[in-house]
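A.B. asks: Okay, here's the prediction I keep looking at, along with the sequence it came from:
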Amino acid sequence: MIALKDADYQRAYRYATALCGDRDLAFDLVHTAVANWLQASPRGVDDPLSYFLRIVRNCFIADVRRASLLRWSPLEDADGVIATDLAPLEETWLQRDQLERIWSTLGAAEREVLFLWAVEGYTIDEISRQTGTARGTLLTRLHRMRKRFAPDGAANAVGEKS
Amino acid sequence: MRNSREKIPLKQGIAELFSEQSLDAAQLRQLRAAADQGLPQRPDRRRWLGAAAVLVAGAGVGIWATRRSSGEQNLMAMAEEIAYNHLSYRTVDVAGSSIAELRPAFASLGFSLLDAPADPVLEGAELVGGRFCSVASVPAVQLRYRSADGDVTLCQARFDPVRHREAPDMAVTAAPATVHARGMRVSLCHTQGVFVAVAAA
């Protein structure tokens, strides 16, 4: 049986927080994932942490039983050139309070992808594997999401008019 | 306190949102116990109550509202590591008597060495050289100074908002955090995108 380290639990907890948006819920989710991990008794897993994170994600989907929570928020249709990597997000700057306002409007799926990119440092291909979402689909969604972080998009997202 | 009006890269901002999110010691013990004993107890009711609360409150409930600081633990861990590096110091990888001289040698770490901070322990100290090391698993440079009061270590690394969390931003606080570890006084901060720590007896 592969043992998880404290650091693995912490990373799983942050991931769960990104999914749930709530600390208590996130802890319960990790706790449930540990139970499933024990039941699965994984052996010979190349990357135990990735495996555990997938369990966390599956538990989230199963427990909440609301696929709609993982639905991406409705956004304006993308226009212009769609990026082929995450470079446009890397170049996005904004104020902290602006980020907090926009973050509160994001859905679980959006928070998950941004978390994996910004905190875990995943590439677009790794996010695709973790979430089971096609690379092209992710890029299109991220391109749309980026519009929210632009000054005009932020104002629209939180209902402010400048 | 972070400046909420300051413009920062999106990636850094998101990392900051999560930088203080961590399990506390009791929660970690609970998870370890569940994993060790193989008898996990599912707190179902609390989860479903929480889910209901989240649904009622809507997605507008921000995670940062409930952040709890784990910063002191991280500061202490970094201070321990830096103090250990100082005490177990062997030889320099690159000898040099000025930061400018050493800067090219450590540029491969992805940041440019800053000039020494205005710390009293560095006043009159003579730079001997530097060696590669790491702080919180981030590649770093350990610069060694020699002074009449003993050796001083100046550590620098490319600032990582997650791994170096709670190191004060000098642009905001204007003063580093000071922690004592292994009999050493260690001051930690970050400025201009570089994590900076000074360790002295």
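C.D. replies: Structure's in. What do you need?
A.B. asks: element containing B:Thr153, please.
C.D. replies: When elements are assigned from DSSP states H and E, B:Thr153 belongs to strand B:150-158.
A.B. asks: and that strand, how far from the chain's centre?
C.D. replies: Between the mean C-alpha location of strand B:150-158 and the chain-wide mean there is a distance of 14 Å, by Cα atoms, centre = their mean, to the nearest Å.
A.B. asks: who's in contact with that strand?
C.D. replies: For strand B:150-158, the surrounding residues in contact (Cβ atoms under 8 Å, 6 or more residues apart in numbering or on different chains) are B:82, B:85-86, B:89, B:109-111, B:113-114, B:116-117, B:121-122, B:125, B:133-135, B:138-146, B:164, B:193-201. The way it works is simple: take the backbone N, C-alpha and C, and place the C-beta from them, glycine included.
A.B. asks: Got a ChimeraX select line for the buried ones in the residues you listed?
C.D. replies: Filtering the contacts of strand B:150-158 down to the buried ones (16 or more other Cβ atoms under 10 Å in any protein chain shown) takes a single ChimeraX command:
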select /B:82,85,86,109,111,113,116,117,121,122,125,133,134,135,138,140,141,142,143,144,145,164,194,195,196,197,198,199,200
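A.B. asks: what subset of the contacts of strand B:150-158 is also close to chain A?
C.D. replies: With Cβ under 8 Å from any Cβ of the partner chain as the criterion, the subset of these in contact with chain A is empty.
A.B. asks: What's the separation between the closest residue to B:Arg90 other than its chain neighbours and chain A?
C.D. replies: Distances taken as Cβ to Cβ, 6 or more residues apart in numbering or on different chains put B:Arg131 closest to B:Arg90, at 7.9 Å, once the chain neighbours are dropped. When distance is defined by Cβ to the nearest Cβ, to the nearest Å, B:Arg131 is 26 Å away from chain A.
A.B. asks: can you check B:His180 too?
C.D. replies: When B:His180 is compared with chain A (using Cβ to the nearest Cβ), they lie 24 Å apart.
A.B. asks: same question, B:Ala34
C.D. replies: From B:Ala34 over to chain A (counting by Cβ to the nearest Cβ), the distance is 5 Å.
A.B. asks: B:Leu188 too?
C.D. replies: As defined by Cβ to the nearest Cβ, B:Leu188 lies at a distance of 20 Å from chain A.
A.B. asks: Touching, that residue and B:Met78? I think so.
C.D. replies: Yes: using Cβ atoms under 8 Å, B:Leu188 makes contact with B:Met78 at a distance of 6.1 Å.
A.B. asks: returning to what we had before: now, the contacts of strand B:150-158 that are in strands?
C.D. replies: Under the assignment DSSP state E, the contacts of strand B:150-158 contribute B:133-135, B:138-146, B:194-200 to strands.
A.B. asks: and the residue nearest in space to the middle of chain A, what does it touch?
C.D. replies: Closest residue to the average C-alpha location of chain A: A:Glu112 at 0.7 Å, with Cα atoms, centre = their mean. Taking Cβ under 8 Å, 6+ apart as the contact definition, A:Glu112 lies against A:Tyr15, A:Ala18, A:Leu19, A:Arg57, A:Thr131.
A.B. asks: how about 7 Å then?
C.D. replies: With contacts defined as Cβ atoms under 7 Å, 6 or more residues apart in numbering or on different chains, the neighbours of A:Glu112 are A:Ala18, A:Leu19, A:Thr131.
A.B. asks: Export these as JSON lines, with columns for secondary structure, pLDDT and distance to chain B.
C.D. replies: Conversion of the contacts of A:Glu112 to JSON lines gives the following (DSSP: H, G, I helix; E, B strand; the rest coil; pLDDT from 0 to 100; distance: Cβ to the nearest Cβ, whole Å):
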{"residue": "A:Ala18", "secondary structure": "helix", "pLDDT": "90", "distance to chain B": "7"}
{"residue": "A:Leu19", "secondary structure": "helix", "pLDDT": "87", "distance to chain B": "10"}
{"residue": "A:Thr131", "secondary structure": "helix", "pLDDT": "81", "distance to chain B": "16"}
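A.B. asks: ok, the helix or strand following the strand holding B:Thr153 near chain A or not?
C.D. replies: Toward the C-terminus, strand B:150-158 is succeeded by helix B:170-173 as the next helix or strand (DSSP H and E). No: when contact is scored as Cβ under 7 Å from any Cβ of the partner chain, no part of helix B:170-173 falls within range of chain A; the minimum is 11.3 Å.
A.B. asks: helices or strands up against helix B:170-173?
C.D. replies: Contacts defined by 3 or more Cβ pairs under 7 Å, 6 or more residues apart in numbering or on different chains; DSSP states H and E place helix B:170-173 against strand B:184-191.
A.B. asks: Give me the buried positions along the strand it packs on.
C.D. replies: Buried residues in strand B:184-191 (16+ other Cβ under 10 Å): B:Met184, B:Val186, B:Ser187, B:Leu188, B:Cys189, B:His190, B:Thr191.
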